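*Asks:* predicted structure and sequence below. I'll ask about it afterward.
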Amino acid sequence: MLPNCGQRVEKGRTSTNRPVGTSILSSRAKASTPSPSGRRTAQPEPRVLNTVDDRRLHGMRRVVDETVREPRIDSIAEASHIQGLLQSSAVMSIVTIRLRTLNESPVRPERAYVLYWMTASRRTRFNWGLEHAVAQANALGKPLVIFEALRVGYPYANERMHQFVLDGMRDNAAACAREHVTYWPYLEPQPGAGRGLLLALARDAVQVVTDDSPQFFLPKMRQAAARQLDVRLDAVDSVGLMPRAALGRAFASAHALRSRLQKELPAQLQHFPDADPLADLLVRTQVPLPADVRSTWPLANAAELTGSTLTQLPLDHTIRAVQHKGGSDAGTARLHAFMEERLAAYPEDRNHPDLQGSSGLSPYLHFGHTSAHEVFLALAEAEDWHPGKLGPPNRGAREGWWGMSPAGEAFVDQLVTWRELGHLEAEFTENYDAWSTLPTWAQHTLDEHARDPRPVTYTLAQLRGAATHDPLWNAAQRQLVADGTMHNYLRMLWGKKILEWSPTPQEALARMLELNDRFALDGRDPNSVAGIFWVLGRYDRPWGPVRPIFGTIRYMTSANTARKWHTTSYVARWAAVRQFALAV
């Protein structure tokens with residue numbers, strides 16, 4: 001059932017969207033209504049309220065807020081004029097560089113509500129897209145409707161992925177109920193059954209706002225929607241600390257990206273999205289779902305959001321749900337547990353499979369249940385860090401620029417550099433998960449050694465079933481199949497051995513993508529795809545000596561890994577997992 005979002009018109013709690021001066025946790029006045037054009041030709045640096053025009057604009061927003069809260073006949077014309085100014089291309093905000101308008105259709109102020117189509121940032125906290133939708137609703141004096149759907153017609157749809165997403169939808173439903181905001185969850189019963197639902201909801205929308213993420217099928221889905229909607233569609237990038245549009249290209253190495261970030265990221269660290277953007281929504285009228293829409297596309301009820309009906313859906317039921325609970329609440333709990341219990345030892349423990357020293361946040365970042373901004377703020381608090389501790393650009397060096405402890409520097413490099421490296425590749429490289437996008441040197445050396453004799457080869461079925469001669473590799477594969485995760489360091493070894501055991505390097509790539517996307521909770525993510533392509537030479541360099549099968553691709557062995565890191569308990573633990581047989 002939908003929450004009963006009765007009338008509640010109030011300003012809400014104090015905003016946490018803030019510029020960061022001497023403290024990362026300081027507060028600021030809100031300034032979050034972007035321009036309607038939203039084109040990515042905007043200046044790449046955000047603006048703050050530090051000019052006469054900016055202060056005037058902030059005053060305009062205050063007048064509009066008061067007009068919406070207490071309508072007065074003599075101020076309607078003035079409010080309309082101010083709302084027009086807020087919509088003009090002359091108005092800049094801190095999210096402008098993150099925003100794209102995807103079609104030429106207009107805003108339709110005569111309609112009923114602003115529709116936020118939640119697709120990649122599946123959370124109500126630290127979400128630039130939701131913040132933009134709230135700002136647009138406030139500027140136009142309209143209620144907000146949040147629409148979140150879960151389809152079944154996608155590659156590798158299975159119980160594991162569905163349950164994790166449903167956990168997040170349940171958290172979102174509860175958050176919207178607390179804030180008296182209309183939330184429409186939809187669980188597709190058959191492939192294609194949800195076709196037409198967005199258009200039906202948009203016919204009463206002033207405008208539609210959605211998430212701008214380059215992963216999986218989302219770009220094509222946004223493009224299709226933009227062609228069909230008769231109302232403006234805005235897409236907002238909430239993926240990382242650095243807006244992708246501000247960089248404008250993919251990078252060949254982590255070093256190259258770090259060098260650029262050290263010059264341009266400080267400006268972005270002045271501003272963070274609201275911790276709770278729904279608190280600032282002014283009009284909280286319950287919006288009823290039209291009867292014809294409800295009869296064709298019934299909303300998910302409370303029981304369905306628990307996952308109790310998953311067995312009735314056309315999913316892969318051999319890949320079961322796992323112990324890891326999805327959703328923003330679980331993601332935040334895991335984040336704080338990592339900061340309190342494992343961050344200090346992260347540089348030493350993260351590569352030891354026996355020690356479980358990694359954060360475990362990758363699935364939550366992948367499904368948008370946790371924001372990179374939230375993670376960074378938690379790290380900053382743990383490190384007592386503020387931007388004043390940043391050093392001058394140091395030519396892309398991995399350590400020293402952030403001004404954090406060794407643990408903080410190691411973790412933030414993974415969160416920012418390596419994660420955003422993959423998303424930039426997905427954004428700016430067409431078919432980024434295709435063999436042809438590997439560096440020329442990597443393709444050449446692998447092709448040159450493609451016919452080298454393989455001491456042993458395995459079929460995809462044998463790999464999937466962890467039926468190799470290598471106990472460490474088998475343990476990593478069993479963890480992937482049974483748990484939906486894999487130890488970070490062993491992911492590299494896992495891929496290198498698949499390359500060694502496959503008939504061709506092209507077949508090795510296909511197998512890695514298949515196994516990762518089917519079983520991993522963070523499969524299909526640009527970051528996990530980047531890890532697979534690293535195995536084959538992307539973001540790396542040639543290594544000598546030239547070896548059979550690998551050529552000049554970096555070489556790894558299970559024996560060397562076992563000598564370097566603690567693996568004994570890890571191998572024993574996953575060799576004994578009974579659930580494994582159920583998933584293969």
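*Replies:* Structure received.
*Asks:* could you use CA atoms for every contact and neighbour count after this?
*Replies:* Fine.
*Asks:* next, give phi and psi for Glu340.
*Replies:* Per-residue torsions, Glu340: phi -80, psi -30 (degrees, to the nearest 10).
*Asks:* check Val206 too.
*Replies:* Dihedral angles (degrees, to the nearest 10) for Val206: phi -60, psi -40.
*Asks:* next, the buried residues of the longest helix anywhere in the chain.
*Replies:* Counting by DSSP state H, the longest helix found in the chain is helix 159-179. Across helix 159-179, burial judged by 16 or more other C-alpha atoms under 10 Å covers 159-173, 175-177, 179.
*Asks:* contacts for that helix?
*Replies:* With C-alpha atoms under 8 Å, 6 or more residues apart in numbering as the test, helix 159-179 has contacts from 2-5, 122-124, 148, 150, 182-183, 185, 278-279, 302, 305-307, 310-311, 315-322, 324-329, 367, 369, 484, 521.
*Asks:* and if you look at stretch 364-375?
*Replies:* With C-alpha under 8 Å, 6+ apart, stretch 364-375 has contacts from 120-123, 125-127, 165, 168, 238-241, 272-273, 275, 326-328, 331-332, 335, 415, 522, 525.
*Asks:* give the rounded mean pLDDT of it.
*Replies:* Averaging pLDDT along stretch 364-375 yields 98.
*Asks:* now do that stretch: distance to the chain's middle.
*Replies:* Taking C-alpha atoms, centre = their mean, to the nearest Å, one finds the center of stretch 364-375 at 6 Å from the center of the full chain.
*Asks:* what lines up beside the next helix or strand after the longest helix of the chain in the sheet?
*Replies:* Beyond helix 159-179 in the direction of the C-terminus, DSSP states H and E gives the next helix or strand as strand 182-187. Next to strand 182-187 in the sheet, as set by DSSP bridges, lie strand 144-150 (parallel).
*Asks:* rounded mean pLDDT for the strand it pairs with, please.
*Replies:* 98.
*Asks:* on that earlier part again, just the buried members of the contacts of helix 159-179?
*Replies:* Buried among the contacts of helix 159-179 (16+ other C-alpha under 10 Å): 2-5, 122-124, 148, 150, 182-183, 185, 278-279, 305, 307, 310, 315, 317, 319-322, 324-329, 367, 369, 484, 521.
*Asks:* in helices, which of those residues fall?
*Replies:* Counted as lying in helices by DSSP H, out of the buried ones among the contacts of helix 159-179, are 305, 328-329.
*Asks:* between the residues you listed, which is nearest Ala133?
*Replies:* Taking C-alpha to C-alpha as the measure, Ala133 lies nearest Ser328 of those, at 19.4 Å.
*Asks:* the closest one reaches Asn127, doesn't it?
*Replies:* No: judged on C-alpha atoms under 8 Å, Ser328 makes no contact with Asn127 at a distance of 11.7 Å.
*Asks:* domains in the chain, as residue ranges please.
*Replies:* What automatic domain parsing lists as the domains of the chain is 52-238+273-303, 326-428, 435-583.
*Asks:* could I get those domains as TSV with distance to Ala245?
*Replies:* Shown next, in TSV, are the domains of the chain (distance: least, C-alpha to C-alpha, whole Å):
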stretch	distance to Ala245
domain 52-238+273-303	7
domain 326-428	9
domain 435-583	16
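*Asks:* lowest average pLDDT across those?
*Replies:* With a mean of 85, domain 52-238+273-303 has the lowest mean pLDDT of those.
*Asks:* and that domain, how far out from the chain middle?
*Replies:* 17 Å.
*Asks:* surely Glu420 meets Leu247?
*Replies:* No: if you go by C-alpha under 8 Å, Glu420 and Leu247 don't touch, sitting 10.7 Å apart.
*Asks:* neighbour-wise, which of the two wins?
*Replies:* With neighbours defined as other C-alpha atoms under 10 Å, Glu420 and Leu247 compare such that Glu420 has more, 24 against 16.
*Asks:* number of nearby residues for Ser102?
*Replies:* Careful, residue 102 is Leu; it's not Ser. Neighbours around Leu102, by other C-alpha under 10 Å: 18.
*Asks:* I figured it hits Ala224, correct?
*Replies:* No: the pair Leu102 / Ala224 is not scored as a contact, 10.2 Å apart, by C-alpha under 8 Å.
*Asks:* can you map out the helices along the stretch 251-400 of the chain?
*Replies:* 254-268, 291-296, 302-305, 328-341, 346-349, 362-366, 372-383 (DSSP state H, counting those that start in this stretch).
*Asks:* which of those sits closest to Ile498?
*Replies:* helix 362-366 (22.4 Å).
*Asks:* residues touching Ala133, list them.
*Replies:* 114-116, 144, 209.
*Asks:* mind listing which of those residues are in helices?
*Replies:* Reading helices off those, I find no matches (DSSP H).
*Asks:* would you turn those into JSON lines with neighbour count and distance to Asp234?
*Replies:* Putting these into JSON lines (neighbours: other C-alpha atoms under 10 Å; distance: C-alpha to C-alpha, whole Å) gives the following:
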{"residue": "Val114", "neighbour count": "29", "distance to Asp234": "11"}
{"residue": "Leu115", "neighbour count": "28", "distance to Asp234": "10"}
{"residue": "Tyr116", "neighbour count": "28", "distance to Asp234": "10"}
{"residue": "Leu144", "neighbour count": "31", "distance to Asp234": "15"}
{"residue": "Val209", "neighbour count": "26", "distance to Asp234": "5"}
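*Asks:* ok, which pair from the residues you listed is furthest apart?
*Replies:* The largest separation in the contacts of Ala133, counting by C-alpha to C-alpha, is between Leu144 and Val209 at 10.5 Å.
*Asks:* give me the common contacts of these two.
*Replies:* Contacts common to Leu144 and Val209, judged by C-alpha under 8 Å, 6+ apart, are 114-116, 133.
*Asks:* how about those in TSV, adding distance to His352?
*Replies:* TSV is the format used below for those (distance: C-alpha to C-alpha, whole Å):
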residue	distance to His352
Val114	48
Leu115	46
Tyr116	42
Ala133	43
